[in-house]
Every structure is written in structure tokens, then in C-alpha cells.
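Peer 1: Coordinates for the following, if possible.
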Amino acid sequence: MDRRVIRPRTHPMKTTSLIVVAGMFAFAGLAQAEEAKQKPKKGPAPEILEKYDADRDGKLSKEEKAAWIKDRPKPEKKAKKEPKPLDPAILEKYDTNKDGKLSQEEKAVWNKDKKAEKANKPKPEKKAKPNKKKSENSDAADFGE
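Peer 2: Presented below is the predicted three-dimensional model:
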């Protein structure tokens, strides 16, 4: 009898792939742990907790939040944009009550006149493109026949 030792076959490609995949999982886990360290804590800032957290439980209760909201500075309202000044000729023509502004009715008349003026304005003529039709014999001329 022939006594041979049976050894399991190893596949170097499978082993390499397994090592690469395990390394990827380890790297992903480390990256995720590092990201978790960098994320700021949720909740109010430490200064706010120090000032408004009366019971020192690390959270703001409804009453504590109400006190914080009452004390915090209000955001400033944005200033309204000033309308563009109208051409004095337009004001003279359409400002019928001479108050220096155009009312809704006066603006409607002005817009109606602008639309009519635009509709009556002649459109510029398009330049005709030259017609590049070849004569029947032009194919022969192209090839030197």
C-alpha cells in the first residue's frame, strides 16, 4: 500500500482575495470610528447648558428652552429693496394724479401701452440664406470628369 499524505489544496487567488476583503472591512471600521469621534455632540452648546440648565441634567427641559428662546437675540429683518426709480418721462405721461408714483391703474395703462408698442414694432427681416443647389453636371465637375 502506498501511503500518501493528503494535503488540502490551497488556492492562492482565493487566499489573496480573502485577505484583501478582510483588510477592506477593517479599514472601513477604522474610518467609521474616526468619523464618529469627529462628529459634534447633538444638543445645546455647553455655554447654553451652563446658563439655562437649572437642574443640571445635561438637557434643557421645556421651561429651560422657553427661557433660552426668550433671552436669545432676535434675527434682524431684511430691509425691503427700494424700487428702481422710474424715468421722469414715464412719470409725466402716466402719473395722472401727480403723486410721484404709479398706482395700480396707472401701471396697467403703462403696461398696456408697452404691449401695444411691442406688437406694432416691425420685426427685423431675416437675411435669406443663399440657395446652394448644384446643377446636374456639378457632380461631374467635382470629380474632374
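Peer 1: Look through the chain and tell me its longest helix.
Peer 2: When the chain is parsed with DSSP state H, its longest helix is helix 12-38.
Peer 1: quick check: mean pLDDT across it?
Peer 2: Mean pLDDT, taken over the full extent of helix 12-38, equals 79.
Peer 1: Which neighbouring elements make contact with the helix or strand following it?
Peer 2: Moving toward the C-terminus from helix 12-38, the first helix or strand encountered (DSSP states H and E) is helix 46-52. Using 3 or more CB pairs under 8 Å, 6 or more residues apart in numbering; DSSP states H and E as the contact criterion, the neighbours of helix 46-52 among helices and strands are helix 62-71. Every residue, glycine included, has its C-beta placed from N, CA and C.
Peer 1: Domain map for this structure?
Peer 2: 44-72, 88-120 (automatic domain parsing).
Peer 1: So which bits of stretch 113-126 are buried?
Peer 2: When burial is assessed from 16 or more other CB atoms under 10 Å, stretch 113-126 yields no buried residues.
Peer 1: pLDDT of that stretch, averaged?
Peer 2: pLDDT averaged over stretch 113-126 gives 81.
Peer 1: What is the end-to-end distance of it?
Peer 2: Terminal residues of stretch 113-126 lie 27 Å apart, using CA to CA, to the nearest Å.
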